[in-house]
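>>> would you be able to build a 3D model of this:
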Amino acid sequence: MKNTLIQEPLPLIVAGPILRKVTATELTLWLVTTRQFDADFSVFLGNDALPFYEAKFDSAHQIQIGKHAWVVLAHFKGDFPQDTPLEYQVTTSEGVLTDLIPDLLYGDESRLSVVIQQRADYVLHGSCRNPHYPSKDSLVAADNKVSTLASHERPSLLMMSGDQIYADHVAGPMLDAIEQVIALLGLPDESFEQAPIADTSALYQHPHNIYGRDKLLPHYINDESWWRRCLPATTTPILSSRECENHLISFSEFFAMYLLVWSPTLWSFVDRDRFVRNGYCNAGVAVSLKWQQTWQHEAPIIDDFVAGLKNVRRLMAHIPTYMIFDDHDITDDFQLNRRWEKAAYDNLFSRRIIGNALISYWLCQGWGNAPEKFTPQCLTLARTFFEQPTSQAHDALAEYFYRFEDWHYTIATVPKVVVLDTRTRRWRSESHANRPSGLMDWEALIELQQELLHESAVIIVSAAPMFGVKFIETLQRMMTLIGQPLVVDAENWMAHPGSANSLLSIFTHTKTPTTFIILSGDVHYSFAYDITLRNLKGQFKIFQITCSGLKNEFPNRLLRFCDWMDRCLYSPHSPLNWFTKRKRLLIEKRDPDTEGHHRLINQSAIGELYLDQHGSPLVIDILTAEGKVIHFPPKIS
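Numbering: from 1, shown residues only. The predicted structure follows:
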């Protein structure tokens, strides 16, 4: 349903609160406010009348990024009881949080609640949330389920394993809303080099602003091969997304999109009919009939997405939420191979776009995962830029994040959760610049091994599945061999010999865990595998659990074909397995309890994982966006 533009003052809180890193000694909240946040924080034991912990929101962890926009990352330290229902409240000069945003509460609650659980024995996980994909939102289904559970029955944590936004694939109505939010909050302008537009003002007034940005994005001359040099010079897009007509460009666009996918508040101030009322025009030039029809298709899907955002906000205010990026949080195929990196970083325009994505990722995702990793130098660079957003200050902050190699982190639960950065520490191919890079380099894999030593069980979060569908990986390898890795996103753990062999050595090391659980997303379908060594069956187990997407799906006919071919060619006892890097491993695919013979579930869903006291899966489920539970029962021996 379309809304009428509301002409009211902006509320104090426009996004959040989101519970981020939560332990027995720290409790982290992320929110965005329209002015400096002078407020008090209180934690209560159950429904006690008096708090056992009180603190003020520290201005040192607030960054003003626009005239009416402050990012608040409140990092409270104390002694917080574990495995006990707690309630928290925020008191502002305008009233308490739950009066300002009453739909944050479940049932008959009077304050927000959280349980800091020692054991990660019930985990929600998923990735790939595309606002204009024509399905329901699985985070809404998750919130509806949590609303029926008592505090002690709720998930230990929510793990979002990539593509929290689709920066390279934005709906027209979303992009128009983003530009209105930039004006509402007074977010910063910026200028561009090596670009067909001089600055953000020129971008927003350009005839290609909506549904035409692919014509503005940078290109390069691809003449690395001898046969290309024999042909007339042609240019190739640097940013390789096939649907980049509305690719985000400025920092303010990236940041505004986060606010619009996590909170309903600013949507009340967005005129969703503006573009239509203006005759589908950019700078007085009407877009083609094709794009007008695209807008009409996208608009009701965005309306449905917005209707569920109050549920998404409520879920993330009660469940500790952790995140890690994948490519679409930045741009499609981000750092896929050496050729892509060289083209992207040699061009000042694409370099700026990537820097803007990383800055917004830090503010909205990375900072809350591990606040202790971001030094005063980082905060000083950020404040310098946002206080005086010059190109020099902008480049200095972006350069800090280009070089940053500490996005990965560990969650100190039982079992330990190890979250991998598979995007910025790539093992680049030495043989050919066009071959996919390994998802982690040798040093990063050694650090991973150190995290795993002497643990009996561990949960590893890898954006891409470590053990994927072999037939699809074979197709990716074939496309790489003919020089077209970007066509099929040919990045998987087995695509690079060094990272693949190192990873398999880690799994079989005598001092690493005997139980590995790998949570992944990325691929837009869901499946579960049980894996062990062929000659040591039962002595150690790997459980590859993939759930994707939260609001996205794979082309159905293609997936059905790939599923069938994988069953035919790569059954557990197929001789073809001996030609793969996983020949020492026995991989058994769990059959979901659905009709038919499909092992790959192609529905928007969120994963539900229940663990026993030893860290092994008791139940592997997915909760579909429609609210249906699909089980992946273990194989019967």
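>>> which intervals of the stretch 501-637 of the chain have sub-threshold pLDDT?
Judged by pLDDT under 70, the stretch 501-637 of the chain has its weakly predicted residues at 534-539, 572, 577-583, 637.
>>> ok, which stretches of it are strands?
515-520, 527-533, 541-546, 585-589, 605-611, 617-624, 629-631 (DSSP state E, counting those that start in this stretch).
>>> possible to save these as a markdown table with distance to residue 306?
Heads up, the C-betas are built off the backbone N, CA and C, glycines and all. Formatted as a markdown table, the strands of the stretch 501-637 of the chain follow (distance: least, Cβ to Cβ, whole Å):
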| stretch | distance to residue 306 |
| --- | --- |
| strand 515-520 | 28 |
| strand 527-533 | 31 |
| strand 541-546 | 28 |
| strand 585-589 | 38 |
| strand 605-611 | 19 |
| strand 617-624 | 21 |
| strand 629-631 | 26 |
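>>> could I get these as CSV with mean neighbour count and distance to residue 270?
Formatted as CSV, the strands of the stretch 501-637 of the chain follow (neighbours: other Cβ atoms under 10 Å; distance: least, Cβ to Cβ, whole Å):
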stretch, mean neighbour count, distance to residue 270
strand 515-520, 24, 34
strand 527-533, 21, 38
strand 541-546, 24, 35
strand 585-589, 18, 45
strand 605-611, 25, 27
strand 617-624, 20, 29
strand 629-631, 15, 35
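>>> to residue 171, which of these lies closest?
Using Cβ to Cβ as the measure, strand 605-611 is the one of the strands of the stretch 501-637 of the chain that comes nearest residue 171, at 21.5 Å.
>>> correct me, but residue 410 touches residue 420?
No. At 10.3 Å, residue 410 and residue 420 do not qualify as touching, with contact defined as Cβ atoms under 8 Å.
>>> identify the contacts common to these two.
Both residue 410 and residue 420 lack any common contact, where contact means Cβ atoms under 8 Å, 6 or more residues apart in numbering.
>>> more neighbours: which of those two?
Under the criterion of other Cβ atoms under 10 Å, the comparison of residue 410 against residue 420 puts residue 420 first, with 26 against 12.
>>> apart from its neighbours in sequence, what residue is nearest that one?
Nearest in space to residue 420, with sequence neighbours left out and distances taken as Cβ to Cβ, 6 or more residues apart in numbering, is residue 462 at 5.1 Å.
>>> confidence score at that neighbour?
Confidence at residue 462, expressed as pLDDT, is 96.
>>> relative to residue 544, how far out is it?
Counting by Cβ to Cβ, to the nearest Å, the gap from residue 462 to residue 544 is 9 Å.
>>> what do the two both touch?
Listed contacts common to residue 462 and residue 544 are 518, 520; contacts here mean Cβ under 8 Å, 6+ apart.
>>> relative to residue 135, how far out is the residue nearest to residue 420?
From residue 462 over to residue 135 (counting by Cβ to Cβ), the distance is 24 Å.
>>> same check, this time on residue 440
Going from residue 440 to residue 135 by Cβ to Cβ gives 32 Å.
>>> quick check: residue 313 touching residue 262?
Yes. With contacts counted by Cβ under 8 Å, residue 313 reaches residue 262, the gap being 6.6 Å.
>>> overlap in contacts of these two?
Taking Cβ under 8 Å, 6+ apart as the contact criterion, the residues that touch both residue 313 and residue 262 are 15, 16, 18.
>>> who does the last one form a beta bridge with?
In this structure, residue 18 has beta-bridge partners residue 30, where bridges are defined by DSSP bridges.
>>> do the one 4 residues further on as well
Residues found in beta-bridge contact with residue 22 (criterion: DSSP bridges) are residue 27.
>>> what about it, neighbour count?
The number of residues packed near residue 22 is 24, by other Cβ under 10 Å.
>>> please name the residues that touch residue 530.
Under the criterion of Cβ under 8 Å, 6+ apart, the contact partners of residue 530 comprise 541, 542, 543, 587, 588, 590, 634, 635.
>>> what about the stretch 101-250 of the chain, any weak spots by pLDDT?
Counting by pLDDT under 70, the stretch 101-250 of the chain has low-confidence residues at 222-234.
>>> ranges for the strands of it?
Listed from the start of the chain, the stretch 101-250 of the chain has strands (DSSP E, counting those that start in this stretch) covering 112-115, 122-126, 157-160, 219-221, 235-237.
>>> which of those sits closest to residue 245?
Across the strands of the stretch 101-250 of the chain, the minimum distance to residue 245, taken as Cβ to Cβ, is reached by strand 235-237, at 11.9 Å.
>>> tell me the helix or strand right after the closest one.
Per DSSP states H and E, the first helix or strand lying C-terminal to strand 235-237 is helix 251-262.
>>> could you say what helices and strands that next one packs with?
Packing contacts for helix 251-262, counted by 3 or more Cβ pairs under 8 Å, 6 or more residues apart in numbering; DSSP states H and E, involve strand 13-22, helix 172-185, helix 309-318, helix 348-361.
>>> can you list those in a markdown table and add distance to residue 575?
Supplementary listing: the helices and strands packed on helix 251-262 in a markdown table, determined by distance: least, Cβ to Cβ, whole Å:
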| stretch | distance to residue 575 |
| --- | --- |
| strand 13-22 | 48 |
| helix 172-185 | 49 |
| helix 309-318 | 47 |
| helix 348-361 | 44 |
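>>> among these, which is nearest residue 624?
With Cβ to Cβ as the criterion, residue 624 lies closest to helix 309-318 of the helices and strands packed on helix 251-262, at 15.4 Å.
>>> now the closest one against strand 122-126, angle please.
Helix 309-318 and strand 122-126 meet at an angle of 130 degrees, taking axes from the mean of the first three to the mean of the last three Cα atoms, to 10 degrees as the criterion.
>>> contact partners of helix 309-318?
Residues from elsewhere that reach helix 309-318, judged by Cβ under 8 Å, 6+ apart: 15-19, 101, 103-106, 112-114, 137, 139-140, 142-144, 146-147, 154, 158, 261-264, 267.
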